[in-house]
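>>> Here you go, sequence then predicted model.
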Amino acid sequence: MGTQITTAIDTSRKPPQASERLQINSGLPLREAVTFQGLLDRYVSEEIELGELAHTTKEVDRSRINNHISPKWGKCLPNQ
């Protein structure tokens, strides 16, 4: 099919240990876990406020989110 190129691999170099990987990544900011409330907020800002939904749909969605969904599920993580 095509030309195969063989490259030499340096096998003398060991992969970084777990402690070295932690030191390397220690400068990176940690991300907060996204809660269901975060997803709801994004839906409201992107779909309800900026989307092309009918006015009645927007009001019903906001009502359901604020009165039922957010109080019960807002603090949960999506994978729970």
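Good, I have the coordinates.
>>> May I ask which helix or strand of the chain has the lowest mean pLDDT?
helix 18-25 (a mean of 59; mean pLDDT, DSSP states H and E).
>>> Quick one: name whatever helix or strand follows that helix.
helix 36-43 (DSSP states H and E).
>>> Quick check: buried residues in that following helix?
Residues of helix 36-43 classed as buried by neighbour count (16 or more other C-beta atoms under 10 Å): 36-37, 40. Any C-beta I mention is one placed from the backbone N, CA and C, and that applies to glycine too.
>>> for stretch 58-71, same thing?
61, 65, 70.
>>> I'd like those laid out as JSON lines, including pLDDT and secondary structure.
Formatted as JSON lines, the buried residues of stretch 58-71 follow (pLDDT from 0 to 100; DSSP: H, G, I helix; E, B strand; the rest coil):
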{"residue": "61", "pLDDT": "96", "secondary structure": "helix"}
{"residue": "65", "pLDDT": "97", "secondary structure": "helix"}
{"residue": "70", "pLDDT": "96", "secondary structure": "helix"}
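>>> which one of the residues you listed sits closest to residue 31?
Each of the buried residues of stretch 58-71 was checked against residue 31 using C-beta to C-beta; the closest is residue 70, at 21.9 Å.
>>> ok, the closest one - contacts?
By C-beta atoms under 8 Å, 6 or more residues apart in numbering, the residues touching residue 70 are 37, 40.
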